[in-house]
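# just need the structure, nothing else, for what follows:
(one chain, ligands or ions: 1)
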Amino acid sequence: MRCLVIHGSPRRGNTYDVLEKVILKLKDIENLDIEIIELRKENIPLCIGCFNCILKGEDRCPHRNNMESLIKKINEAEVLIFTSPVYSMQISGLMKNFIDHLSFNFHRPKFIGKKALVITTTAGAGHKNSANYLRDVLKYHGITEVITLPIAYRASTLNDKNLKLIDKQSGKFKSIIENKNIKNASFKQVMLYNFWRGMDKSEGMEADEKFYLENNRVYYDESKVNFIYKIFGNLAYKIIKK
Ligand SMILES: Cc1cc2nc3c(=O)[nH]c(=O)nc-3n(C[C@H](O)[C@H](O)[C@H](O)COP(=O)(O)O)c2cc1C
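Model prediction:
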């Protein structure tokens, strides 16, 4: 099983310290192969807002030479860990720029069936909001199970409270990784999918049109969708289509 870490700090500091502690907890999962990508080394230019990834397809991103291999690694991983320090009450610019380059996933969620952990660290505040923000983004990308680990790293070392939280959240993460089942899609995920499915013929949205032609059903894996969600999803699709 592959686990890909996207490390969003420009250094190996507090966030990396927490990450290393989490990795220690995951070490005894059988055949878990962990790879760490440090975004600072990837030199991804700032998103220029061209809309190409959303409208024409992610293969048309002007920064595809930086992004393609990273997206391939994400696609190949069953387990993801996203990490970020808190800067000015939010995730780092490094991580935000990376996420902006994944914006096509809001229209065409492709990270289905993965399990994720989000780690954020702060000196005082913003760690919970930042972790929740990253969790929400990953859910928009199609992931149904995202554990958060927000840490207020106030002193030069982790205190007992922090160590207990790392233990608790790593334990939860470990158990969802070891459980072969994938949690069902949420109501919001099914509705959003059908919103974009219904909009697929909108002017200029050629990537969505192609995608939803190939995925013209209420959700990727219909067996993983609650019966009531299916009814609402199809209804939303029909109304929007009209
Ligand atoms: C540019 C910058 C902005 C920061 N903004 C905040 C902030 O808004 N709130 C806060 O509590 N800590 C803030 N911090 C502190 C970091 O979030 C904290 O030290 C974090 O653990 C650093 O992680 P790292 O060692 O992995 O880089 C900031 C640090 C930097 C460098």
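
# does the helix or strand hosting residue 148 reach the ligand?
Secondary structure assigned from DSSP states H and E places residue 148 in strand 145-152. No: remark: strand 145-152 sits outside contact range of the ligand, by CB under 6 Å from any ligand atom, the gap being at least 7.5 Å. Placement of C-beta: from N, CA and C, glycine included.

# okay, how far is it across stretch 211-229, tip to tip?
21 Å (CA to CA, to the nearest Å).

# list the buried residues for it?
Under the neighbour-count criterion of 16 or more other CB atoms under 10 Å, stretch 211-229 has 211-212, 217-220, 224-225, 229 buried.

# just the closest of those to the ligand, please.
residue 220 (34.6 Å; CB to the nearest ligand atom).

# least confident pick among the buried residues of stretch 211-229?
The lowest pLDDT within those belongs to residue 224, which sits at 81.

# what's the closest non-adjacent residue to that one?
residue 184 (5.0 Å; CB to CB, 6 or more residues apart in numbering).

# mind giving me the packing neighbours of the helix or strand following the strand holding residue 148?
Next in sequence after strand 145-152, counting helices and strands by DSSP H and E, comes helix 160-178. Judged by 3 or more CB pairs under 8 Å, 6 or more residues apart in numbering; DSSP states H and E, the packing partners of helix 160-178 are helix 14-26, strand 115-122, strand 145-152.

# ranking those by burial, who's on top?
Compared across these, strand 115-122 shows the largest average neighbour count, a mean of 27 (mean count of other CB atoms under 10 Å).

# after that strand comes which helix or strand?
Assigned by DSSP H and E, the successor of strand 115-122 is helix 127-140.

# okay, and residue 194 sits in which element?
With DSSP H and E as the test, residue 194 turns up in helix 187-198.

# helix or strand right after that helix?
helix 206-214.

# what about that next one, distance to the chain center?
Distance of helix 206-214 from the chain centroid (CA atoms, centre = their mean, to the nearest Å) equals 22 Å.

# let's verify residue 99: helix, strand, or coil?
Three-state assignment for residue 99 (DSSP: H, G, I helix; E, B strand; the rest coil): helix.

# from now on call the first residue 45
Noted, 45 is the first residue going forward, which turns the last one into residue 143.

# the spatially closest residue to it that is not a sequence neighbour: neighbour count?
In this structure, residue 143 finds its nearest non-sequential neighbour in residue 181, 5.7 Å apart by CB to CB, 6+ apart. If you count neighbours by other CB atoms under 10 Å, residue 181 ends up with 21.

# residues in contact with residue 55?
residue 84 (CB atoms under 8 Å, 6 or more residues apart in numbering).

# tell me the contacts of residue 96?
Per CB under 8 Å, 6+ apart, neighbours of residue 96: 104-106.

# and this structure, which residues reach the ligand?
So far as CB under 6 Å from any ligand atom goes, the chain lies against the ligand at 53, 55, 57-60, 129-133, 165-170, 197.

# give me that answer again for 5 Å
53, 57-59, 129-133, 165-170, 197 (CB under 5 Å from any ligand atom).

# just among these, which is most surrounded?
residue 165 (27 neighbours).

# related to what we said a few turns ago, let me know the closest of the contacts of residue 96 to residue 141.
The shortest approach to residue 141 among those belongs to residue 105, at 12.4 Å (CB to CB).

# give me the residue from the protein nearest the ligand.
Residue of the chain nearest the ligand, by CB to the nearest ligand atom: residue 57 (2.3 Å).

# and that residue, what is it in contact with?
With CB under 8 Å, 6+ apart, residue 57 has these contacts: residue 129.
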